[in-house]
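K.L.:
Pasting a predicted model and its sequence here:
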Protein chains: 2
Amino acid sequence: MASQIEQTASGVEQWRDLARQLRVDSVRSSGAAGSGHPTSSMSAADLMAVLMGKYLRYDFDAPENPANDHLIFSKGHASPLLYSMYRAAGAITDDELLSFRRFESRFEGHPTPQIPWVDVATGSLGQGLPIGVGVALAGKKLEGDPYRVWVLCGDSEMAEGSMWEAFEHAAFYGLSNLTAILDMNRLGQTRETMYGHDGDAYQTMAEGFGWHAVQVDGHDLEAIDDVYRRATEETERPTVIIAKTLKGKGVSFLEDKTGFHGKPIDPDREESALEELGGKSDLTVAVAKPDPSEGRDPSHSAEVELPTYEVGETVPTRKAYGEALAAVGAREDVVALDGEVSNSTHAEEFAEAHPERYFEMFIAEQQMLAAAVGLQVRGYRAFASSFAAFLTRAYDFVRMAAISRANLRLSGSHAGVSIGEDGPSQMALEDLAMMRAVHGSTVFHPCDANQTAKLVGQMVDLDGISYIRTLRPGTPVVYGPDEEFPVGGSKTLRSSDSDDVTVVACGITVPEATKAANDLKESGVNVRVVDAYSIKPLDTEGLRAAAEATGGRVVAVEDHWPEGGLGEAVLSALAGVEGLRFEHLAVRKMPGSGSSAELLSFAGIDAEHIAEAVRRLA
Amino acid sequence: MASQIEQTASGVEQWRDLARQLRVDSVRSSGAAGSGHPTSSMSAADLMAVLMGKYLRYDFDAPENPANDHLIFSKGHASPLLYSMYRAAGAITDDELLSFRRFESRFEGHPTPQIPWVDVATGSLGQGLPIGVGVALAGKKLEGDPYRVWVLCGDSEMAEGSMWEAFEHAAFYGLSNLTAILDMNRLGQTRETMYGHDGDAYQTMAEGFGWHAVQVDGHDLEAIDDVYRRATEETERPTVIIAKTLKGKGVSFLEDKTGFHGKPIDPDREESALEELGGKSDLTVAVAKPDPSEGRDPSHSAEVELPTYEVGETVPTRKAYGEALAAVGAREDVVALDGEVSNSTHAEEFAEAHPERYFEMFIAEQQMLAAAVGLQVRGYRAFASSFAAFLTRAYDFVRMAAISRANLRLSGSHAGVSIGEDGPSQMALEDLAMMRAVHGSTVFHPCDANQTAKLVGQMVDLDGISYIRTLRPGTPVVYGPDEEFPVGGSKTLRSSDSDDVTVVACGITVPEATKAANDLKESGVNVRVVDAYSIKPLDTEGLRAAAEATGGRVVAVEDHWPEGGLGEAVLSALAGVEGLRFEHLAVRKMPGSGSSAELLSFAGIDAEHIAEAVRRLA
């Protein structure tokens, strides 16, 4: 049976055929793979059939069409269903569908943007909806509301707090262009969810958060049509459709049973399952294509004039970050988000200059990251700022953003013990390790204001995930405003023809290293001071040359735990240097409160300790 | 004025005097420090005065009393208020109070368990309530409900999804011994919160999540008394007290105004503020001491018989983890939690053997970590398991647990590309970097089942945060059941008198390295294979000896991104080894789906690639 459904003229009969095919293809593809989640796909097949058969506006030939709807599978493990929709859209062949989960197939176990119709990678639960909030923010606040965002959610993932962050923020921003479709199939991986089939529980929670919430039998096609219509008619609030479904729907020995999560159907029962479902078919749906002129992409062109600072001024790098951020905001594709600490991170400078492109994410770092990912789906260059310590809250979102091949710009302020009195809860001491261990990331840690501004200027155009770590206290401006700081470069701040030891520093330890060098010079020890502002990529060549020039004697000093930060990055760069003698100064004891100077001394990373380390080597 | 309030005979007048003193001391301590959060303390002073004056049961002379209530400041920045309560309890002197935020004072900017009456560090918002859920779980489910858990929450932190995870789980487990006191002072750090003074919004949300929710004027002492009474009378559900308060309450130029967050009062206005508040006083409160015999601490003694496996069997280390966990569960102080993936992590083995000490945390990794922290407050040895990739979701909780000096045992399964078809969203490739960069952590990555069991056996008694990384696929058992695997040790699996190259491996790369060594032996190249199962602490001495025995030629191979994992740990250990020539095999490209073997090859970390790296060095 090969026929085509016209979206405009479709009805219950067509949707039923389509849903049947989606189930059959979910079973076939996971059967061919020998793994996957057919039962989690089957529960949502009717929901997706009506969406695709009537409501979705999407040009599969032009995924870049700015008026396209966005469909995000927050329950990424229902990938067999998603890929089956692609086949039903005529976008992929049956052979491609059956390459599911094979090596080098783009149809991976969980969706990623290797597939042109996938906006973001999912598979870590609780991320698709908050990312959808970001995509909906772009549409509603920046683009004249040309598209809808549909997010298929699992009921297990409603236990993730990030889902409720999304509920809060979507309501706060009035995102009526966002529809969450909750596939309430009752069963998680090992057992019933917290709320089982209690649709009233979800409705009360969602309404409590200010959403338009409607319940539906997720296998009643006419009723599904009705709730989609109501979602599209809502103009003030986001809508959640709470759909009561059965996991494994359509196959009697699977329906509503535990023990079948994440498993293909046994090969010897697959045939009978396919028979019960109605067998393979070749329906296609002519999904309506929106007119691209209804949407708009962000404009990228503008003159940017970065702020400059006078050598000798004392300026916190976080302040320079905020001022540079406001400056790059001259570009209309630059947006900024902050976790309600914008007067600390100085993102407030952007908020004041460009209020229409600033999004307050309140104290919800996961939602902040997710919204930034959503905004970059629409082509915005998003800068998200918080205390560096609190970015740890969103590490899973950063990790997944890398799998999404996302362009993201993160700023973490209040690095290390140098923050002083607030104490260890506010001190980032693991952020370099965390951000270095992100695929394709760029990690900056500037020591002065001009350097910070130049790095922010470059971050706008960087691919992948870039991170800039800034300081709470002021540091002296040591670079002139015309100095350049390329990605993967370093700066040599002190050197002579006869240097004894290289000190590699970054951020707050740069002025400390310089002071140590000045002090040691008086006693006849020459120190080469290298400012490794680009921690990833690191200036391997420059560091090796410096190490070799100083007879292999190297001190690395950082305001960070010893693991995974500057010191280990330097060791990786210097592996194989002849006669390497290495001292690593880092924070090795749990700090408390105190002044910046007291804590730098306590941690053994101030000028005095650097000088001692140099003397041990020289 | 120095007088003592008896809790039993106290009333509005006494509470008013006490609240006044708490405000005065909050202003004085932050004034003396020159930093801190007096206004966030003043809003909650009346709430804490009535709690302390009538409801709290706590023996300040015996913080270890198992029947003591637990008071957690989830809004840790209100530390001036907390420390002022300690002075009012007679537990600290005025001088100690005024050491607030000074170097080496235990009265840090945010509370930590350096103070004997503080259970856990707070200061990263949204953590105190989910940790309180863990403490309340212990009391309610394991100890006969001898105490109450009181958690002072800020309204800004209600934006954190982790708070709603706590709401879900506390309701699910019926924690009527838990009271959240929401200091709804309307103002965050820079602006009004999402809900401002809309108490109905919070009440609707909380009731939607199944809580007993009551609103109160947070400055009406009699009304506060009434809602505390109602909280203590509730027997089925947790209670949230939504208290409408004013930030900076009591000082006319601060009350309900923005611009004063996190700032002491200007020195030139401090005197007038103190005057308006009524000036310094020396009230103390005789807080009621519970009878220790009403509580009980967990019993630590039991015979543990670890599972054993036959050499040559193929067993996934995650399975051995689960079986060993069930075995150590013979000790009644061992508890286990899992994020609804217990049939993947194999924590289900524990759940089946000891259902009364297994806590299902559903897909809420932050709450899982927080509950584990709460359980260890009460002396339990908590093992929390999930996919290693998903522990990234809870990194901020792990970071804060280290500041809490918590004893925690984490298990992350499904490490690296070896998981195969599920794809990168499920692959932990940053977990070693993340867990190494935790102060005082221990990081294990076993390669076989007997090793896993022995390491789990040791984890029970380890201090600090320990982490074990397990594998999805089966690996051959290579160690006999009597072999020992000390913390900080390593095992040499292949060696001879004339080894050419050392290969350092862990987990899945151990069998690959062994295979490479076997293959190379035939072509006359002798490889020393070191199994670095203890990645932190690493066997520095053993590795240096191996490197020196093989002329400085070392290959490190790991199923992890290149940053922050085994390779960099090995480089740190080998810094200074003469003539070091180092090759680092790690995952450097974004993987997709495929078989375990295909992906190990794709990543360049299988036997063939190890052999090539050895040949390059040999």
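P.N.:
Okay, I see it.
K.L.:
From here on, just use CA atoms for contacts and neighbour counts.
P.N.:
OK.
K.L.:
What pLDDT is listed against A:A302?
P.N.:
Here, the pLDDT recorded for A:A302 equals 81.
K.L.:
wait, it sits on A:A327?
P.N.:
No. With contact defined as CA atoms under 8 Å, A:A302 does not reach A:A327; the gap is 10.5 Å.
K.L.:
Correct me if wrong: A:A406 contacts A:Q376.
P.N.:
Yes. Assessed by CA under 8 Å, A:A406 is found in contact with A:Q376 at 6.9 Å.
K.L.:
ok, the closest residue to A:Q21 other than its chain neighbours to A:D46 distance?
P.N.:
Leaving out its chain neighbours, the residue that sits closest to A:Q21 by CA to CA, 6 or more residues apart in numbering or on different chains is A:S281, at 6.0 Å. For A:S281, the distance to A:D46 (CA to CA, to the nearest Å) stands at 16 Å.
K.L.:
of the two, who's got more company?
P.N.:
Counted by other CA atoms under 10 Å in any protein chain shown, A:S281 and A:D46 do not tie: A:D46 has more neighbours, with 27 against 17.
K.L.:
I'd say that one and A:A223 touch.
P.N.:
No. Judged on CA under 8 Å, A:D46 makes no contact with A:A223 at a distance of 10.7 Å.
K.L.:
and the residue nearest in space to the middle of chain A, how far is that from A:A121?
P.N.:
By CA atoms, centre = their mean, chain A has its centre lying nearest to A:A401, at 3.4 Å. Shown here: A:A401 relative to A:A121, a distance of 7 Å by CA to CA.
K.L.:
do the same with A:K289
P.N.:
For A:K289 relative to A:A121 (CA to CA), the value is 24 Å.
K.L.:
Kindly report the same for A:D268.
P.N.:
33 Å.
K.L.:
which residue does the stretch 151-300 of chain A bring closest to chain B?
P.N.:
A:G161 (3.6 Å; CA to the nearest CA).
K.L.:
number of nearby residues for that residue?
P.N.:
A:G161: 29 neighbours (other CA under 10 Å).
K.L.:
now swap in A:D220 and tell me
P.N.:
16.
K.L.:
same thing with the one 3 residues further on?
P.N.:
By other CA under 10 Å, 14 other residues sit near A:A223.
K.L.:
Need the nearest residue in space to it, chain neighbours excluded.
P.N.:
A:V216 (6.4 Å).
K.L.:
SS state for the one you found?
P.N.:
Following DSSP: H, G, I helix; E, B strand; the rest coil, A:V216 is assigned to strand.
K.L.:
pLDDT score for A:S299?
P.N.:
83.
K.L.:
Please tell me how far it sits from A:E323.
P.N.:
Counting by CA to CA - A:S299 and A:E323 are separated by 21 Å.
K.L.:
neighbour count winner among those two?
P.N.:
A:E323 (25 against 12).
K.L.:
What parts of the stretch 201-350 of chain A come near chain B?
P.N.:
With the criterion set to CA under 8 Å from any CA of the partner chain, the stretch 201-350 of chain A comes near chain B through A:201, A:204-205, A:208-209, A:340-343.
K.L.:
Touching, A:K244 and A:G199? I think so.
P.N.:
Yes. Between A:K244 and A:G199 there is a contact at 7.2 Å, judged by CA under 8 Å.
K.L.:
got any residues that touch both of those two?
P.N.:
Each of A:184, A:215 lies in contact with both A:K244 and A:G199 under the rule CA atoms under 8 Å, 6 or more residues apart in numbering or on different chains.
K.L.:
one step back: what about A:A302 and A:A327, which has more around it?
P.N.:
Shown here are A:A302 and A:A327; by other CA under 10 Å, A:A327 has more neighbours (22 against 12).
K.L.:
got the contact list for that one?
P.N.:
A:304-307, A:350.
K.L.:
What confidence value was assigned to it?
P.N.:
98.
K.L.:
Just the element for it, please.
P.N.:
Counting by DSSP states H and E, the element that carries A:A327 is helix A:317-328.
K.L.:
Low-confidence ranges, chain A, go.
P.N.:
A:1 (pLDDT under 70).
K.L.:
Which segments of it make up each domain?
P.N.:
A:9-289, A:314-476, A:491-617 (automatic domain parsing).
K.L.:
Now do stretch A:295-313: distance to the chain's middle.
P.N.:
In terms of CA atoms, centre = their mean, to the nearest Å, the centre of stretch A:295-313 is found 24 Å from the chain centre.
K.L.:
Of all the residues in that stretch, which ones are buried?
P.N.:
By 16 or more other CA atoms under 10 Å in any protein chain shown, the buried positions in stretch A:295-313 come out as A:295-298, A:306-309.
K.L.:
And for stretch A:189-207?
P.N.:
A:189-197, A:199, A:202-207.
K.L.:
Could I get the CA-only coordinates of that stretch as PDB?
P.N.:
C-alpha atoms of stretch A:189-207 as PDB (Å, rounded to 0.1, in the frame of the first residue of the first chain):
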ATOM      1  CA  GLN A 189      12.400   2.000  32.700                       C
ATOM      2  CA  THR A 190      11.900  -0.400  35.600                       C
ATOM      3  CA  ARG A 191       8.600   0.500  37.100                       C
ATOM      4  CA  GLU A 192       5.600   2.800  37.200                       C
ATOM      5  CA  THR A 193       6.400   6.600  37.300                       C
ATOM      6  CA  MET A 194       5.600   8.600  40.400                       C
ATOM      7  CA  TYR A 195       2.200   9.600  39.100                       C
ATOM      8  CA  GLY A 196       1.300   6.600  36.900                       C
ATOM      9  CA  HIS A 197      -1.800   7.400  34.800                       C
ATOM     10  CA  ASP A 198      -3.000  10.200  37.100                       C
ATOM     11  CA  GLY A 199      -3.600  12.900  34.500                       C
ATOM     12  CA  ASP A 200      -5.200  15.100  37.100                       C
ATOM     13  CA  ALA A 201      -1.900  15.200  39.000                       C
ATOM     14  CA  TYR A 202       0.000  16.500  36.000                       C
ATOM     15  CA  GLN A 203      -2.900  18.900  35.100                       C
ATOM     16  CA  THR A 204      -2.900  20.400  38.600                       C
ATOM     17  CA  MET A 205       0.900  20.800  38.600                       C
ATOM     18  CA  ALA A 206       1.000  22.400  35.100                       C
ATOM     19  CA  GLU A 207      -1.900  24.700  35.900                       C
END
